[in-house]
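Q: How does the following fold in three dimensions:
(one chain, ligands or ions: 1)
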Amino acid sequence: MHRVISELADSELKGKKVLIRVDYNVSVNGGSVGEDFRIRMTLPTIEYLIKRQCKIILITHLGRPTERQIQYSLAPVAKRLSEMIGDSKVKFTSSRIGEEALLETNKMEEGTVLLLENLRFYKEEELNDPLFSSELASLADIYVNDAFSTSHRKHSSTYGAAKLFEIKLAGFNLQKEVQYLSMIRDNPDKPLIIVLGGAKIKDKIGALENLLPKADRVLIGGAAAYTFLKAKGINTGNSLIDLDHIGWVTKALSTFSEKIMLPTDHVISSSADNGLAAMVKGDIPDGMMGLDIGHETVQRYSTEVGGRGSGTVLWNGPMGLFEFGMFSNGTINVAKSMALAYWRGSKTLVGGGDTLEAMRRAGVSENEVSHVSTGGGASLRFLAGDEMPGLSVLSEK
Ligand code: AMP
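A: Numbers count the residues shown, from 1 in each chain. I've put the predicted structure just below:
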(Lines give C-alpha, C1' and ligand atoms only; values in the text may rest on other atoms or scores of the structure.)
Protein backbone atom coordinates (compact mmCIF):
# COMPACT_ATOMS: atom_id res chain seq x y z
CA MET A 1 0.00 0.00 0.00
CA HIS A 2 1.29 3.49 -0.79
CA ARG A 3 1.84 6.22 1.74
CA VAL A 4 0.11 9.62 1.77
CA ILE A 5 1.93 12.93 2.38
CA SER A 6 0.30 13.30 5.81
CA GLU A 7 2.07 10.11 6.96
CA LEU A 8 5.43 11.88 6.91
CA ALA A 9 6.44 13.81 10.03
CA ASP A 10 6.68 17.58 9.57
CA SER A 11 10.39 17.30 10.33
CA GLU A 12 10.82 14.94 7.36
CA LEU A 13 9.22 17.51 5.08
CA LYS A 14 10.70 20.79 6.28
CA GLY A 15 12.99 22.39 3.71
CA LYS A 16 12.68 19.45 1.30
CA LYS A 17 12.28 19.81 -2.44
CA VAL A 18 9.05 18.02 -3.39
CA LEU A 19 8.26 17.17 -7.01
CA ILE A 20 4.49 16.95 -7.49
CA ARG A 21 2.93 15.46 -10.64
CA VAL A 22 -0.34 17.35 -11.03
CA ASP A 23 -2.82 17.33 -13.90
CA TYR A 24 -3.29 20.91 -15.07
CA ASN A 25 -4.56 19.87 -18.47
CA VAL A 26 -7.10 22.71 -18.47
CA SER A 27 -8.56 24.71 -21.33
CA VAL A 28 -6.54 27.82 -22.22
CA ASN A 29 -8.01 30.40 -24.58
CA GLY A 30 -6.32 33.59 -25.70
CA GLY A 31 -3.70 33.22 -22.98
CA SER A 32 -6.07 32.71 -20.08
CA VAL A 33 -7.35 29.65 -18.26
CA GLY A 34 -11.05 28.77 -18.63
CA GLU A 35 -12.33 26.11 -16.25
CA ASP A 36 -9.83 25.70 -13.40
CA PHE A 37 -11.30 22.84 -11.34
CA ARG A 38 -8.19 20.73 -11.89
CA ILE A 39 -6.02 23.51 -10.47
CA ARG A 40 -8.25 24.21 -7.47
CA MET A 41 -8.38 20.57 -6.49
CA THR A 42 -4.61 20.42 -5.97
CA LEU A 43 -4.62 23.23 -3.39
CA PRO A 44 -4.97 20.96 -0.33
CA THR A 45 -1.74 19.14 -1.22
CA ILE A 46 0.19 22.25 -2.26
CA GLU A 47 -0.87 24.32 0.73
CA TYR A 48 -0.18 21.45 3.14
CA LEU A 49 3.40 21.35 1.84
CA ILE A 50 3.78 25.15 1.81
CA LYS A 51 2.84 25.19 5.51
CA ARG A 52 5.58 22.66 6.17
CA GLN A 53 8.19 24.82 4.48
CA CYS A 54 8.73 22.60 1.45
CA LYS A 55 10.03 23.78 -1.89
CA ILE A 56 7.33 22.63 -4.26
CA ILE A 57 8.10 21.83 -7.88
CA LEU A 58 5.01 21.20 -10.01
CA ILE A 59 5.06 19.21 -13.23
CA THR A 60 2.17 18.63 -15.63
CA HIS A 61 1.28 18.22 -19.27
CA LEU A 62 -1.11 20.47 -21.22
CA GLY A 63 -2.73 19.36 -24.48
CA ARG A 64 -0.89 17.47 -27.18
CA PRO A 65 1.92 19.68 -28.45
CA THR A 66 4.34 18.18 -30.95
CA GLU A 67 7.17 20.55 -29.99
CA ARG A 68 7.64 23.81 -28.01
CA GLN A 69 4.41 25.54 -29.08
CA ILE A 70 3.52 28.78 -27.35
CA GLN A 71 -0.22 27.99 -27.24
CA TYR A 72 0.59 25.03 -25.00
CA SER A 73 2.74 27.01 -22.58
CA LEU A 74 1.82 26.75 -18.90
CA ALA A 75 2.43 30.47 -18.27
CA PRO A 76 -1.35 31.19 -18.06
CA VAL A 77 -1.76 28.28 -15.64
CA ALA A 78 0.98 29.71 -13.42
CA LYS A 79 -0.84 33.03 -13.46
CA ARG A 80 -4.08 31.41 -12.30
CA LEU A 81 -2.26 29.42 -9.63
CA SER A 82 -0.58 32.55 -8.31
CA GLU A 83 -3.98 34.25 -8.11
CA MET A 84 -5.05 31.39 -5.84
CA ILE A 85 -1.94 30.96 -3.71
CA GLY A 86 -0.32 34.40 -3.85
CA ASP A 87 1.98 36.09 -6.30
CA SER A 88 4.99 36.04 -4.05
CA LYS A 89 4.82 32.28 -3.59
CA VAL A 90 4.42 31.04 -7.18
CA LYS A 91 6.97 31.21 -9.97
CA PHE A 92 6.94 29.80 -13.48
CA THR A 93 9.98 28.78 -15.42
CA SER A 94 10.49 27.78 -19.02
CA SER A 95 14.01 26.56 -18.18
CA ARG A 96 14.72 23.22 -19.75
CA ILE A 97 14.46 20.15 -17.56
CA GLY A 98 18.04 19.11 -16.75
CA GLU A 99 20.88 21.44 -15.66
CA GLU A 100 18.91 24.66 -16.29
CA ALA A 101 15.86 23.69 -14.22
CA LEU A 102 18.10 22.20 -11.52
CA LEU A 103 19.82 25.58 -11.06
CA GLU A 104 16.41 27.21 -10.60
CA THR A 105 15.19 24.67 -8.07
CA ASN A 106 18.41 25.11 -6.09
CA LYS A 107 17.58 28.81 -5.72
CA MET A 108 14.09 28.17 -4.33
CA GLU A 109 13.08 29.46 -0.92
CA GLU A 110 11.16 27.37 1.58
CA GLY A 111 7.38 27.57 1.25
CA THR A 112 7.39 28.51 -2.43
CA VAL A 113 6.13 26.88 -5.63
CA LEU A 114 7.82 26.56 -9.00
CA LEU A 115 5.79 25.40 -12.01
CA LEU A 116 7.88 23.89 -14.78
CA GLU A 117 6.98 24.21 -18.47
CA ASN A 118 4.75 21.64 -20.24
CA LEU A 119 6.18 18.12 -19.93
CA ARG A 120 4.99 17.28 -23.42
CA PHE A 121 7.44 19.79 -24.89
CA TYR A 122 9.78 16.82 -24.43
CA LYS A 123 9.03 13.76 -26.51
CA GLU A 124 10.96 11.79 -23.88
CA GLU A 125 8.10 12.23 -21.39
CA GLU A 126 5.63 9.89 -23.09
CA LEU A 127 8.45 7.49 -24.01
CA ASN A 128 9.30 7.12 -20.32
CA ASP A 129 12.89 7.85 -21.37
CA PRO A 130 15.39 6.82 -18.65
CA LEU A 131 17.62 9.90 -18.99
CA PHE A 132 14.66 12.29 -18.90
CA SER A 133 13.26 10.39 -15.89
CA SER A 134 16.55 10.77 -14.05
CA GLU A 135 16.72 14.48 -14.89
CA LEU A 136 13.24 14.95 -13.44
CA ALA A 137 14.12 12.92 -10.38
CA SER A 138 17.32 14.92 -9.79
CA LEU A 139 15.20 18.04 -9.17
CA ALA A 140 13.82 16.96 -5.79
CA ASP A 141 14.11 14.87 -2.61
CA ILE A 142 10.55 13.60 -2.46
CA TYR A 143 8.06 12.59 -5.18
CA VAL A 144 4.30 13.13 -4.87
CA ASN A 145 1.64 12.00 -7.33
CA ASP A 146 -1.52 14.09 -7.13
CA ALA A 147 -2.73 13.35 -10.65
CA PHE A 148 -4.95 10.29 -10.55
CA SER A 149 -6.16 11.09 -14.06
CA THR A 150 -2.74 10.34 -15.59
CA SER A 151 -1.86 7.41 -13.35
CA HIS A 152 -2.84 4.80 -15.94
CA ARG A 153 0.06 6.05 -18.09
CA LYS A 154 3.61 4.80 -17.90
CA HIS A 155 5.32 8.12 -18.63
CA SER A 156 8.47 9.62 -17.14
CA SER A 157 6.57 11.95 -14.83
CA THR A 158 4.11 9.30 -13.63
CA TYR A 159 6.39 6.28 -13.53
CA GLY A 160 10.03 6.46 -14.62
CA ALA A 161 10.98 9.41 -12.44
CA ALA A 162 8.83 8.24 -9.52
CA LYS A 163 10.64 4.91 -9.49
CA LEU A 164 13.94 6.67 -8.75
CA PHE A 165 12.78 8.25 -5.48
CA GLU A 166 13.17 6.57 -2.15
CA ILE A 167 10.27 8.60 -0.76
CA LYS A 168 7.25 8.59 -3.09
CA LEU A 169 3.83 9.52 -1.81
CA ALA A 170 0.23 10.08 -2.78
CA GLY A 171 -1.20 13.60 -2.63
CA PHE A 172 -4.59 14.20 -0.99
CA ASN A 173 -6.43 14.44 -4.26
CA LEU A 174 -5.07 11.18 -5.59
CA GLN A 175 -5.78 9.48 -2.30
CA LYS A 176 -9.41 10.61 -2.23
CA GLU A 177 -9.91 9.34 -5.75
CA VAL A 178 -8.37 5.95 -4.94
CA GLN A 179 -10.49 5.62 -1.79
CA TYR A 180 -13.78 6.32 -3.59
CA LEU A 181 -13.02 4.16 -6.59
CA SER A 182 -11.75 1.28 -4.43
CA MET A 183 -14.95 1.46 -2.43
CA ILE A 184 -17.01 1.15 -5.60
CA ARG A 185 -14.82 -1.54 -7.12
CA ASP A 186 -14.35 -3.71 -4.05
CA ASN A 187 -17.03 -3.00 -1.50
CA PRO A 188 -19.78 -0.65 -2.68
CA ASP A 189 -22.60 0.45 -0.41
CA LYS A 190 -25.62 -1.29 -1.88
CA PRO A 191 -27.60 -0.87 -3.96
CA LEU A 192 -24.98 0.02 -6.57
CA ILE A 193 -26.46 1.92 -9.51
CA ILE A 194 -24.30 2.58 -12.54
CA VAL A 195 -25.19 5.09 -15.23
CA LEU A 196 -23.15 4.67 -18.35
CA GLY A 197 -23.34 6.81 -21.46
CA GLY A 198 -21.07 8.31 -24.08
CA ALA A 199 -20.00 6.82 -27.35
CA LYS A 200 -16.96 4.60 -26.85
CA ILE A 201 -18.12 1.22 -25.55
CA LYS A 202 -14.59 -0.09 -25.96
CA ASP A 203 -13.31 2.16 -23.14
CA LYS A 204 -16.07 1.05 -20.79
CA ILE A 205 -16.22 -2.70 -21.28
CA GLY A 206 -13.47 -3.47 -18.74
CA ALA A 207 -15.19 -1.50 -15.99
CA LEU A 208 -18.59 -2.93 -16.89
CA GLU A 209 -17.29 -6.48 -16.87
CA ASN A 210 -15.94 -5.99 -13.36
CA LEU A 211 -18.93 -4.09 -12.01
CA LEU A 212 -21.89 -5.84 -13.64
CA PRO A 213 -21.84 -8.77 -11.17
CA LYS A 214 -21.79 -6.31 -8.22
CA ALA A 215 -24.22 -3.74 -9.59
CA ASP A 216 -27.93 -3.80 -8.84
CA ARG A 217 -28.86 -1.70 -11.86
CA VAL A 218 -26.92 -0.52 -14.91
CA LEU A 219 -28.60 2.28 -16.83
CA ILE A 220 -27.27 2.63 -20.35
CA GLY A 221 -27.63 5.84 -22.35
CA GLY A 222 -25.80 7.82 -25.00
CA ALA A 223 -24.70 6.24 -28.24
CA ALA A 224 -23.65 3.15 -26.24
CA ALA A 225 -27.35 2.34 -25.77
CA TYR A 226 -27.86 1.79 -29.51
CA THR A 227 -25.38 -1.06 -29.63
CA PHE A 228 -27.32 -2.71 -26.79
CA LEU A 229 -30.67 -2.08 -28.52
CA LYS A 230 -29.38 -3.42 -31.82
CA ALA A 231 -28.15 -6.56 -30.03
CA LYS A 232 -31.74 -7.00 -28.82
CA GLY A 233 -33.04 -6.79 -32.37
CA ILE A 234 -34.52 -3.30 -32.07
CA ASN A 235 -34.22 -1.07 -35.13
CA THR A 236 -31.62 1.65 -34.49
CA GLY A 237 -31.71 3.45 -37.86
CA ASN A 238 -28.52 5.41 -38.45
CA SER A 239 -27.58 5.66 -34.77
CA LEU A 240 -23.96 5.21 -33.82
CA ILE A 241 -23.33 1.47 -33.38
CA ASP A 242 -20.18 -0.28 -32.29
CA LEU A 243 -20.25 -3.48 -34.34
CA ASP A 244 -16.89 -4.62 -32.98
CA HIS A 245 -18.34 -5.03 -29.52
CA ILE A 246 -21.83 -6.24 -30.28
CA GLY A 247 -20.82 -9.81 -29.38
CA TRP A 248 -19.76 -8.74 -25.89
CA VAL A 249 -22.91 -6.68 -25.48
CA THR A 250 -25.12 -9.63 -26.52
CA LYS A 251 -23.44 -11.82 -23.91
CA ALA A 252 -23.77 -9.18 -21.19
CA LEU A 253 -27.46 -8.80 -22.03
CA SER A 254 -28.12 -12.51 -21.73
CA THR A 255 -26.23 -12.89 -18.44
CA PHE A 256 -27.43 -9.72 -16.73
CA SER A 257 -30.74 -9.01 -18.47
CA GLU A 258 -32.56 -8.20 -15.23
CA LYS A 259 -30.00 -5.54 -14.23
CA ILE A 260 -29.49 -3.70 -17.50
CA MET A 261 -31.91 -0.86 -18.25
CA LEU A 262 -32.08 0.55 -21.77
CA PRO A 263 -33.86 3.57 -23.25
CA THR A 264 -37.41 2.93 -24.38
CA ASP A 265 -37.88 6.25 -26.16
CA HIS A 266 -35.50 8.56 -27.98
CA VAL A 267 -34.95 12.05 -29.32
CA ILE A 268 -34.13 11.48 -32.98
CA SER A 269 -33.02 13.45 -35.98
CA SER A 270 -31.70 12.75 -39.47
CA SER A 271 -28.50 14.58 -38.52
CA ALA A 272 -27.05 16.27 -35.48
CA ASP A 273 -27.06 19.80 -36.87
CA ASN A 274 -30.17 20.28 -39.00
CA GLY A 275 -32.08 21.88 -36.13
CA LEU A 276 -34.92 19.34 -36.29
CA ALA A 277 -35.74 16.70 -33.72
CA ALA A 278 -38.61 14.36 -32.90
CA MET A 279 -39.45 11.89 -30.14
CA VAL A 280 -40.11 8.19 -30.83
CA LYS A 281 -40.90 5.13 -28.74
CA GLY A 282 -39.37 1.76 -29.54
CA ASP A 283 -37.77 1.37 -32.97
CA ILE A 284 -35.85 4.19 -34.56
CA PRO A 285 -36.99 4.73 -38.15
CA ASP A 286 -34.54 4.13 -41.00
CA GLY A 287 -32.50 7.20 -41.86
CA MET A 288 -32.83 8.65 -38.33
CA MET A 289 -30.34 8.67 -35.46
CA GLY A 290 -31.00 8.43 -31.74
CA LEU A 291 -29.31 11.46 -30.19
CA ASP A 292 -30.76 11.62 -26.68
CA ILE A 293 -32.88 9.53 -24.33
CA GLY A 294 -36.59 10.41 -24.49
CA HIS A 295 -38.88 11.79 -21.74
CA GLU A 296 -40.14 8.40 -20.55
CA THR A 297 -36.57 7.11 -20.22
CA VAL A 298 -35.50 10.29 -18.42
CA GLN A 299 -38.29 9.65 -15.93
CA ARG A 300 -37.30 6.02 -15.35
CA TYR A 301 -33.59 6.80 -15.05
CA SER A 302 -34.16 9.79 -12.77
CA THR A 303 -36.20 7.64 -10.39
CA GLU A 304 -33.49 4.97 -10.29
CA VAL A 305 -30.71 7.51 -9.71
CA GLY A 306 -32.24 10.09 -7.42
CA GLY A 307 -35.22 8.40 -5.85
CA ARG A 308 -33.56 6.20 -3.29
CA GLY A 309 -31.14 8.06 -1.08
CA SER A 310 -29.11 5.00 -0.15
CA GLY A 311 -26.28 3.00 -1.67
CA THR A 312 -23.92 4.22 -4.36
CA VAL A 313 -24.44 5.83 -7.75
CA LEU A 314 -21.66 6.00 -10.32
CA TRP A 315 -22.11 8.06 -13.50
CA ASN A 316 -19.80 8.11 -16.49
CA GLY A 317 -20.67 9.48 -19.93
CA PRO A 318 -23.44 11.71 -21.31
CA MET A 319 -26.91 10.37 -22.20
CA GLY A 320 -26.88 11.98 -25.64
CA LEU A 321 -25.16 14.38 -27.98
CA PHE A 322 -25.43 16.94 -25.19
CA GLU A 323 -23.11 19.49 -26.82
CA PHE A 324 -26.22 20.40 -28.86
CA GLY A 325 -28.89 21.99 -26.65
CA MET A 326 -31.75 20.05 -28.25
CA PHE A 327 -30.09 16.72 -27.33
CA SER A 328 -28.98 17.66 -23.82
CA ASN A 329 -32.18 17.06 -21.83
CA GLY A 330 -31.34 13.49 -20.79
CA THR A 331 -27.84 14.34 -19.64
CA ILE A 332 -28.93 17.43 -17.74
CA ASN A 333 -31.68 15.50 -15.96
CA VAL A 334 -29.30 12.74 -14.93
CA ALA A 335 -27.00 15.44 -13.51
CA LYS A 336 -29.92 16.87 -11.50
CA SER A 337 -30.90 13.40 -10.27
CA MET A 338 -27.31 12.80 -9.16
CA ALA A 339 -27.62 15.90 -6.97
CA LEU A 340 -30.92 14.63 -5.53
CA ALA A 341 -29.34 11.25 -4.79
CA TYR A 342 -26.52 13.02 -2.96
CA TRP A 343 -28.82 15.17 -0.86
CA ARG A 344 -30.96 12.13 -0.01
CA GLY A 345 -27.89 10.31 1.29
CA SER A 346 -26.48 8.18 -1.55
CA LYS A 347 -22.75 8.14 -2.18
CA THR A 348 -22.34 9.59 -5.66
CA LEU A 349 -19.38 9.57 -7.97
CA VAL A 350 -19.16 11.35 -11.28
CA GLY A 351 -16.38 10.74 -13.78
CA GLY A 352 -15.26 12.12 -17.09
CA GLY A 353 -14.89 15.61 -18.54
CA ASP A 354 -18.24 15.53 -20.37
CA THR A 355 -20.14 14.59 -17.26
CA LEU A 356 -18.55 17.49 -15.39
CA GLU A 357 -19.57 19.87 -18.14
CA ALA A 358 -23.11 18.48 -17.98
CA MET A 359 -23.24 19.14 -14.24
CA ARG A 360 -22.24 22.70 -14.85
CA ARG A 361 -24.98 23.13 -17.43
CA ALA A 362 -27.51 21.59 -15.08
CA GLY A 363 -26.50 24.08 -12.37
CA VAL A 364 -25.26 21.25 -10.14
CA SER A 365 -22.18 22.23 -8.17
CA GLU A 366 -19.17 20.05 -7.41
CA ASN A 367 -20.26 20.11 -3.76
CA GLU A 368 -23.42 18.24 -4.65
CA VAL A 369 -21.54 15.07 -5.51
CA SER A 370 -19.62 12.90 -3.05
CA HIS A 371 -16.67 12.74 -5.40
CA VAL A 372 -15.89 14.22 -8.78
CA SER A 373 -13.31 12.26 -10.69
CA THR A 374 -11.42 14.29 -13.26
CA GLY A 375 -9.89 11.26 -14.87
CA GLY A 376 -12.56 9.58 -16.96
CA GLY A 377 -10.18 7.14 -18.66
CA ALA A 378 -8.11 6.49 -15.55
CA SER A 379 -11.14 5.84 -13.36
CA LEU A 380 -12.56 3.34 -15.87
CA ARG A 381 -9.23 1.51 -15.93
CA PHE A 382 -9.10 1.45 -12.16
CA LEU A 383 -12.65 0.12 -11.95
CA ALA A 384 -11.76 -2.53 -14.51
CA GLY A 385 -8.98 -3.69 -12.16
CA ASP A 386 -6.26 -2.81 -14.67
CA GLU A 387 -2.66 -2.14 -13.68
CA MET A 388 -2.09 1.57 -12.88
CA PRO A 389 1.68 2.22 -13.20
CA GLY A 390 1.44 5.65 -11.55
CA LEU A 391 -0.11 4.07 -8.45
CA SER A 392 1.78 0.81 -8.21
CA VAL A 393 5.11 2.64 -8.44
CA LEU A 394 4.27 4.47 -5.21
CA SER A 395 4.30 1.16 -3.32
CA GLU A 396 7.59 -0.08 -4.81
CA LYS A 397 10.62 -0.23 -2.54
P1 AMP B 1 -17.30 9.06 -24.42
O2 AMP B 1 -15.97 9.73 -24.60
O3 AMP B 1 -17.31 7.64 -24.86
O4 AMP B 1 -17.84 9.23 -23.02
O5 AMP B 1 -18.31 9.81 -25.41
C6 AMP B 1 -18.70 11.14 -25.21
C7 AMP B 1 -19.32 11.67 -26.47
O8 AMP B 1 -20.41 10.85 -26.86
C9 AMP B 1 -19.89 13.07 -26.34
O10 AMP B 1 -19.19 13.93 -27.17
C11 AMP B 1 -21.33 12.92 -26.77
O12 AMP B 1 -21.79 13.97 -27.57
C13 AMP B 1 -21.31 11.65 -27.56
N14 AMP B 1 -22.63 11.02 -27.64
C15 AMP B 1 -23.42 10.66 -26.61
N16 AMP B 1 -24.57 10.15 -27.05
C17 AMP B 1 -24.52 10.17 -28.38
C18 AMP B 1 -25.43 9.76 -29.41
N19 AMP B 1 -26.62 9.23 -29.12
N20 AMP B 1 -25.03 9.91 -30.68
C21 AMP B 1 -23.83 10.43 -30.98
N22 AMP B 1 -22.94 10.84 -30.06
C23 AMP B 1 -23.29 10.71 -28.77
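Q: all strands for the stretch 51-200 of the chain, in order.
A: In the stretch 51-200 of the chain, the strands defined using DSSP state E, counting those that start in this stretch lie at 55-59, 90-93, 112-116, 142-145, 167-170, 192-196.
Q: Quick one: these as CSV, columns for mean neighbour count and mean pLDDT too.
A: The way it works is simple: take the backbone N, C-alpha and C, and place the C-beta from them, glycine included. What follows is the strands of the stretch 51-200 of the chain, written out as CSV (neighbours: other Cβ atoms under 10 Å; pLDDT from 0 to 100):
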stretch, mean neighbour count, mean pLDDT
strand 55-59, 25, 98
strand 90-93, 19, 97
strand 112-116, 23, 98
strand 142-145, 26, 98
strand 167-170, 22, 98
strand 192-196, 24, 96
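Q: Quick one: those as CSV, columns for distance to the ligand too.
A: Output for those, formatted as CSV (distance: least, Cβ to the nearest ligand atom, whole Å):
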stretch, distance to the ligand
strand 55-59, 26
strand 90-93, 32
strand 112-116, 29
strand 142-145, 24
strand 167-170, 27
strand 192-196, 9
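Q: Tabulate those strands (JSON lines), appending distance to Asp242.
A: As requested, the strands of the stretch 51-200 of the chain are exported to JSON lines (distance: least, Cβ to Cβ, whole Å):
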{"stretch": "strand 55-59", "distance to Asp242": "36"}
{"stretch": "strand 90-93", "distance to Asp242": "43"}
{"stretch": "strand 112-116", "distance to Asp242": "40"}
{"stretch": "strand 142-145", "distance to Asp242": "33"}
{"stretch": "strand 167-170", "distance to Asp242": "35"}
{"stretch": "strand 192-196", "distance to Asp242": "13"}
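Q: residues contacting Ile293?
A: Listed by Cβ atoms under 8 Å, 6 or more residues apart in numbering, the contact set of Ile293 reads Gly221, Ala225, Pro263, Asp265, His266, Val267, Tyr301, Met319, Gly320, Gly330.
Q: Just the pLDDT at it, thanks.
A: With respect to pLDDT, Ile293 has a value of 98.
Q: Keep the contacts of Ile293, but drop any that are not near the ligand.
A: Filtering the contacts of Ile293 for neighbours of the ligand using Cβ under 6 Å from any ligand atom leaves Gly320.
Q: Tell me which residue of the stretch 1-150 of the chain lies closest to the ligand.
A: Ser149 (14.0 Å; Cβ to the nearest ligand atom).
Q: ok now do that residue, which residues does it touch?
A: Contact analysis of Ser149 by Cβ under 8 Å, 6+ apart lists Asp23, Asn25, Ser373, Thr374, Gly375, Gly376, Gly377, Ala378, Ser379.
Q: picking that back up, tell me which two of the contacts of Ile293 sit farthest apart.
A: Farthest pair in the contacts of Ile293 (Cβ to Cβ) is Val267 and Tyr301. Separation: 13.9 Å.
Q: Overlap in contacts, the two.
A: Common neighbours of Val267 and Tyr301 (Cβ under 8 Å, 6+ apart) are Ile293, Gly330.
Q: From the contacts of Ser149, keep the buried residues only.
A: Asp23, Asn25, Ser373, Thr374, Gly375, Gly376, Gly377, Ala378, Ser379 (16 or more other Cβ atoms under 10 Å).
Q: from these, which ones fall inside strands?
A: In this view, these that belong to strands under DSSP state E are Ser373.
Q: ok, of the buried ones among the contacts of Ser149, which one's closest to Asp273?
A: Asp273 has its nearest neighbour among the buried ones among the contacts of Ser149 in Gly376, at 24.9 Å by Cβ to Cβ.
Q: lowest confidence element among the helices and strands of this protein?
A: Sorted by mean pLDDT, DSSP states H and E, the helices and strands of the chain end with helix 353-362, the least confident at a mean of 86.
Q: All set now, cheers.
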